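*Asks:* Got a sequence here, can you build the structure:
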Amino acid sequence: MTDYQDDIAAIQELKHANGAGWAAIDPESAARMRAQNRFRTGLEIARYTADIMRADMAAYDIDPSAYTQSLGVWHGFIGQQKLISIKKHLKSTSKRYLYLSGWMVAALRSEFGPLPDQSMHEKTVVPALIQELYTFLRQADARELDLLFTQLDAARAAGDETGAEFIQSRIDGFETHVVPIIADIDAGFGNPEATYLLAKKMIEAGACAIQIENQVSDEKQCGHQDGKVTVPHEDFIAKLNAVRYAFLELGVDNGIIVARTDSLGAGLTQKLAVSREPGDLGDQYNSFLDVEEVSEAELGNGDVVIKRDGRMLRPKRLASNLYQFRAGTGEDRVVLDCITALRNGADLLWIETEKPHVEQIAGMVDRIREVVPNAKLVYNNSPSFNWTLNFRQQAYDQLVAQGQDVSAYDRDKLMSADYDDTELARIADEKIRTFQRDGSARAGIFHHLITLPTYHTAALSTDDLAKGYFGEEGMLTYVRDVQRREIRQGIATVKHQNMAGSDLGDNHKEYFAGEAALKAGGQHNTMNQFS
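*Replies:* Got it, this is the predicted structure:
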């Protein structure tokens, strides 16, 4: 027997035990509702999806071609449609996740209106979005199963036993739309206690993986902007511990922590690290500071000095009261950050880079893996990169290294459409196409994500629609470019009433009221035009 059939039998027993008062309850209808509501709490989702990620991480360690992917989403509907499309086109959600981007939460979900990615948005919006995403994914399960139940009833009514068995097998083998979410907690929104409290809310909403960065909470900047300020390792470790305790308190023992370092682009620190002995973690952090040797006589009022190897060193302090690191130390700091994070409870790494270059990433990962051999990355395939220009320049450099003639190209202007049909452009596009595969094979990238793609796609599609609809083409723009494509490509939203749950509600009404149910899906429903 299947879970579905077991539930029918169990509810039948309950009905029998409760006597005449339950006469109107149909065990199969109740079993259907159970199947459509597989996950009853966010913690169930967090445990289930954490197990999925752990299994995927183990599979990647064996075979780097088994990498995982996600797209950033900013609304439950967008996440839902993404998973529906994945199931439709790729037949499985395996190794496909969702990413919850702090950038998009700030830009699109704050009550203050659009905000920069500087942790100024309400932190409660983050768990609220996680909960919203899983509400929409669970509704996608309910809707798709409802369609199967309707088909099952039709096959039974037609006496089609073979068809009914096939549909029943699809119900029994149903793959949920619920997938892991990697959720951005920024720099923790305060001290470690604040990080712990927010992490709990995120986990209770369903998050199995929390990404946290080593920036100062009250000076947090987008990873692709200037002015980033990092914290000493001990401060960051305390927040890693806070997140781990949150997972353990809630019984999500397999929860995943993604430790992000912004040190490659961050040249500032707010604090000097505490050092107790030469070579310890604090001393290593301070060793990257831009300093000048001074004598006691040269010290000014309020100066701060570090004593190292018998010398007095004065860190260069800016007017902002921040200290700066020496130029050219970024990669060394990244490597130390990553090794330290993995040694202190992190499961995955995130290295924020200034460009998408496999060998640059691999160079750092090679050094990390000398110490932690199974180190793995989550990598941001960021829209902040000019992918076309970056990869055309990489292709240009490749051609130069091969001794080929590049006189027809201007390296600084390769973004130009004039180069679109050239051999250089074709080489670059092939590098872009295989970037994720190559990065996972060479640079230890377990998970590829695009942080804010649906921000851009929403703007682009709206621009296309507005340009035509409010112009000469009028209604043709919507019909040709939206509805006709929805129909021909089998996009579920063309039946928007069904997508919003109208048919699901009709079936529930029938469960509850039988023949007396007043249903919306009758012969006069215009959605029938899309049958």
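
*Asks:* got a pLDDT number for the most centrally placed residue in the chain?
*Replies:* Nearest residue to the geometric centre of the chain (CA atoms, centre = their mean): Tyr99, 1.3 Å. Looking at Tyr99, its pLDDT is 97.

*Asks:* tell me the contacts of it?
*Replies:* Residues near Tyr99 by CB atoms under 8 Å, 6 or more residues apart in numbering: 70-73, 181-182, 184, 449-451. Just so you know, the C-beta spots here come from the backbone N, C-alpha and C atoms, and that holds for glycine as well.

*Asks:* Specify which member of the residues you listed is nearest to Lys15.
*Replies:* Ile181 (37.6 Å; CB to CB).

*Asks:* what's the residue nearest to the centre of the chain sitting at in phi/psi?
*Replies:* Here is the backbone geometry of Tyr99 (degrees, to the nearest 10): phi -120, psi 130.

*Asks:* For it, give the beta-bridge partners.
*Replies:* Using DSSP bridges, the bridge partners assigned to Tyr99 are Gly72, Ile182.

*Asks:* For it, give its distance to Glu132.
*Replies:* 15 Å (CB to CB, to the nearest Å).

*Asks:* Equivalent analysis for Lys91, please.
*Replies:* Taken as CB to CB, the span from Lys91 to Glu132 is 26 Å.

*Asks:* before we move on, what SS does the nearest residue to Ala59 once chain neighbours are set aside have?
*Replies:* Sequence neighbours aside, Ala66 is the residue nearest to Ala59 in space, at 4.6 Å (criterion: CB to CB, 6 or more residues apart in numbering). Following DSSP: H, G, I helix; E, B strand; the rest coil, Ala66 is assigned to coil.

*Asks:* for Val479, same thing?
*Replies:* Per three-state DSSP, Val479 ends up helix.

*Asks:* Contacts only, for it.
*Replies:* Applying CB under 8 Å, 6+ apart, no residues qualify as near Val479.

*Asks:* same question, the one 10 residues further on
*Replies:* For Gln489, the contact set (CB under 8 Å, 6+ apart) is empty.

*Asks:* how about the helices of the stretch 151-300 of the chain, start to end?
*Replies:* Assigned by DSSP state H, counting those that start in this stretch, the helices in the stretch 151-300 of the chain fall at 161-172, 192-205, 233-249, 281-286.

*Asks:* Please state the offset of the last one from the chain centre?
*Replies:* Relative to its parent chain, helix 281-286 has a centroid offset of 32 Å by CA atoms, centre = their mean, to the nearest Å.

*Asks:* from now on call the first residue 418
*Replies:* Noted, 418 is the first residue going forward, which turns the last one into helix 698-703.

*Asks:* Export only the CA atoms of it, formatted as CSV.
*Replies:* This file holds the C-alpha atoms of helix 698-703, laid out as CSV (Å, rounded to 0.1, in the frame of the first residue of the first chain):
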residue,chain,number,x,y,z
LEU,A,698,44.3,34.5,15.1
GLY,A,699,44.1,38.0,16.3
ASP,A,700,47.8,38.6,15.5
GLN,A,701,47.2,37.2,12.0
TYR,A,702,44.3,39.6,11.4
ASN,A,703,46.3,42.6,12.6
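
*Asks:* Now do the buried residues in it.
*Replies:* Buried residues in helix 698-703, counted by 16 or more other CB atoms under 10 Å: 698-703.

*Asks:* cool, and stretch 526-533?
*Replies:* Of all the residues in stretch 526-533, those buried under the rule 16+ other CB under 10 Å are 526, 532.

*Asks:* Then stretch 814-823?
*Replies:* For stretch 814-823, using 16+ other CB under 10 Å, the buried residues are 816, 823.

*Asks:* Could you do stretch 463-473 as well?
*Replies:* 463-467, 469-471, 473.

*Asks:* Of those residues, which is the nearest to Glu539?
*Replies:* Distances from Glu539 to the buried residues of stretch 463-473, taken as CB to CB, are shortest for Ala463 (21.9 Å).

*Asks:* Was I right to think the closest one contacts Ile627?
*Replies:* No. Ala463 is beyond contact range of Ile627, at 10.2 Å (criterion: CB atoms under 8 Å).

*Asks:* any common contacting residues for the two?
*Replies:* 620, 672.

*Asks:* CA atoms of the helix or strand encompassing Asn435 as PDB?
*Replies:* Under the criterion of DSSP states H and E, Asn435 resides in helix 420-435. The C-alpha coordinates for helix 420-435 follow below in PDB (Å, rounded to 0.1, in the frame of the first residue of the first chain):
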ATOM      1  CA  ASP A 420       0.900   6.500   2.000                       C
ATOM      2  CA  TYR A 421      -2.200   7.700   0.200                       C
ATOM      3  CA  GLN A 422      -3.900   4.400   0.500                       C
ATOM      4  CA  ASP A 423      -2.700   4.000   4.100                       C
ATOM      5  CA  ASP A 424      -4.300   7.400   4.900                       C
ATOM      6  CA  ILE A 425      -7.600   6.400   3.400                       C
ATOM      7  CA  ALA A 426      -7.600   3.300   5.500                       C
ATOM      8  CA  ALA A 427      -6.600   5.100   8.700                       C
ATOM      9  CA  ILE A 428      -9.300   7.800   8.200                       C
ATOM     10  CA  GLN A 429     -11.900   5.100   7.400                       C
ATOM     11  CA  GLU A 430     -11.100   3.600  10.800                       C
ATOM     12  CA  LEU A 431     -11.400   7.000  12.500                       C
ATOM     13  CA  LYS A 432     -14.700   7.500  10.800                       C
ATOM     14  CA  HIS A 433     -16.000   4.100  12.000                       C
ATOM     15  CA  ALA A 434     -14.800   4.800  15.500                       C
ATOM     16  CA  ASN A 435     -16.500   8.200  15.700                       C
END
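
*Asks:* Having no further points to raise, I will conclude here.
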